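K.L.:
Here's my sequence, what's the structure:
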Amino acid sequence: MSRWRPPSGERASRYVTAEGYARLQREYDHLWRERRPEVVRALAAAAAEGDRSENAEYQYRKKELGEIDRRVRYLQRRIPSLKVPPPPDDAGRVHFGAEVRIAVDDAAERCLHIVGADEAEAGTGRVSVDAPLPRALIGARVGDVLVFQGPQGEQEIEVRDIRYPKAQTVESREGP
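P.N.:
Predicted coordinates for the structure are as follows:
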């Protein structure tokens, strides 16, 4: 399992893209219906081998089950509270879910996809709407130049392009 951590504090927005919602739901289904029963079976088999205090397989499976249960509990609380916002009325402005191509200080261009805190992956350009840069970009239009106070100091950011991925729908389910 990876070193996953929930979004920091209660300040994390409840917004998520339809794709992100579906991914979290698939993760929950996989953990609950497939992975957890598999680990429980392996834990029972390891427990049947005898002395649990010196049984490395038993200790490992117990820890693995705890990690799965922790993630399942988080998803059970988080998924029902998530909201998939409708597509924006004004696609010419940056809103949640936008893919924005920007130039920082007239240098190389970067592409950011503004997503929810649960689906952010900075290395792939998927940036949380709660982060400072996306917050500064919200409401901007193509051609706007913003002054942004980032970690490297003051930077000029020009919005070069705004796109919205094809709208997806979310299946309504009764809780996780």
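
K.L.:
what does the longest strand anywhere in the chain rub up against?
P.N.:
Assignment by DSSP state E gives strand 153-163 as the longest strand of the chain. Contact with strand 153-163 is made by 91-94, 98-106, 109, 133, 136-137, 140-149, as judged by C-beta atoms under 8 Å, 6 or more residues apart in numbering. All C-beta atoms are positioned from the backbone trio N, CA, C, and that covers glycine.

K.L.:
In strands, which of those fall?
P.N.:
Those of these lying in strands (DSSP E): 99-104, 109, 145-149.

K.L.:
ok, which pair from the residues you listed is furthest apart?
P.N.:
Glu99 and Gln149 (23.7 Å; C-beta to C-beta).

K.L.:
who has more neighbours, these two?
P.N.:
Each of Glu99 and Gln149 has its neighbours counted (other C-beta atoms under 10 Å); Glu99 has more, 17 against 10.

K.L.:
middle-most residue in this structure, spatially?
P.N.:
Geometric centre of the chain, nearest residue: Glu119, 1.4 Å, by C-alpha atoms, centre = their mean.

K.L.:
check contacts around that one.
P.N.:
Counting by C-beta under 8 Å, 6+ apart, Glu119 has contacts 16-17, 19-20, 23-24, 126.

K.L.:
how about 7 Å then?
P.N.:
16-17, 20, 23, 126 (C-beta atoms under 7 Å, 6 or more residues apart in numbering).

K.L.:
for Ile68, same thing?
P.N.:
Counted by C-beta under 7 Å, 6+ apart, Ile68 has contacts 31, 35-36, 39.

K.L.:
Of those - the most surrounded one?
P.N.:
Counting neighbours by other C-beta under 10 Å, the top entry in the contacts of Ile68 is Val39, with 20 neighbours.

K.L.:
My guess is it contacts Leu65. True?
P.N.:
Yes - here Val39 reaches Leu65: they are 5.1 Å apart, a contact under C-beta atoms under 7 Å.
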